[in-house]
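Q: Need a 3D model of the sequence below.
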Amino acid sequence: MQLFYNSELDASTKTFNFSKDESRHIVKVLRKSTSDLLMITNGKGWMFEAEVVIPNHNKCVVHILKSTFKAPRPYKIHLAVAPTKMNDRYEWFIEKATEIGVDTITPIICQNSERKIIKTQRFEKILQSAMKQALHFYLPTLAAPVRFADFIKTPKEGATFIAHCEDGNKLNFKDQIEPGKSITVLIGPEGDFSSQEIEEALKQQYIPVSLGASRLRTETAGIVAGHTIQLCNE
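A: Residues are numbered from 1 along each chain as shown. Next up is the predicted model:
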């Protein structure tokens, strides 16, 4: 199934026309013609079955035949992950996190972060593409970059964890997950969280956890955390 995305659609929409780029893709590449069916989501839980009525490569018009709403999960996955030095690694992370089904991604700027300026415009396009690829009906929220100290002081829904590489008393992350309960996980930069940041997180009731015996890259740790949560909820 080929899934398209447009945030403006809602249950009251009857007809809709695609942008020039998408119209060209539908008509020229996919070779869709009159009466062919398309599936569209608005990234808010709705899936729309639409019929092509005007297969114009500049302005493809469709008529909505049916709309279906998929209720959200009872829990949310929030990954707060420090941007990586190489931007393409963070792009890979947000793509895979979207495929897994993460709800919110927040870039956190830490003391050891080598990348402190984040441009999120391209990230949004990657989120949309990954959502369509995975056939999800919910587009993850990409929060604005925020300083670590500010992030941990903001109340979060559900359980909160910090995965770091320092020695000490850390729990096995998998054993701490309660199915059906929302979770926020902090993942640090290449140089890990500073000792001060770890201490501050613990004061804010973040639970220190281990993601396994291997020392993981930032982007890998984010994916491992997200996938572990999903597996524990199946």
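
Q: Which residue ranges make up the domains of the chain?
A: Using automatic domain parsing, the domains assigned to the chain come out as 3-69, 77-232.

Q: for the ones you listed, which one ends up most surrounded?
A: Burial of the domains of the chain is given as mean neighbour count (mean count of other C-beta atoms under 10 Å); domain 77-232 ranks first at a mean of 18. (C-beta placed from N, C-alpha, C; glycine too.)

Q: Ile108 and Thr154 touch, don't they?
A: No: counting by C-beta atoms under 8 Å, Ile108 does not reach Thr154; the two are 11.2 Å apart.

Q: Mean pLDDT for the domains of the chain - can I get that in TSV?
A: Below are the domains of the chain laid out as TSV (pLDDT from 0 to 100):
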stretch	mean pLDDT
domain 3-69	94
domain 77-232	94
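
Q: Alpha carbons of stretch 150-166, as CSV, please.
A: Taking C-alpha atoms only, stretch 150-166 is exported to CSV below (Å, rounded to 0.1, in the frame of the first residue of the first chain):
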residue,chain,number,x,y,z
ASP,A,150,15.5,23.0,31.3
PHE,A,151,14.1,19.7,29.9
ILE,A,152,14.5,17.7,33.2
LYS,A,153,12.7,20.4,35.2
THR,A,154,9.6,20.1,33.0
PRO,A,155,7.0,17.5,34.3
LYS,A,156,6.7,14.4,32.1
GLU,A,157,3.9,11.9,31.7
GLY,A,158,4.7,8.5,33.1
ALA,A,159,8.0,7.0,34.1
THR,A,160,11.3,8.8,33.4
PHE,A,161,14.7,7.3,32.8
ILE,A,162,18.3,8.3,32.1
ALA,A,163,20.6,5.9,30.2
HIS,A,164,24.2,6.8,30.8
CYS,A,165,27.6,5.0,30.6
GLU,A,166,29.1,5.9,34.0
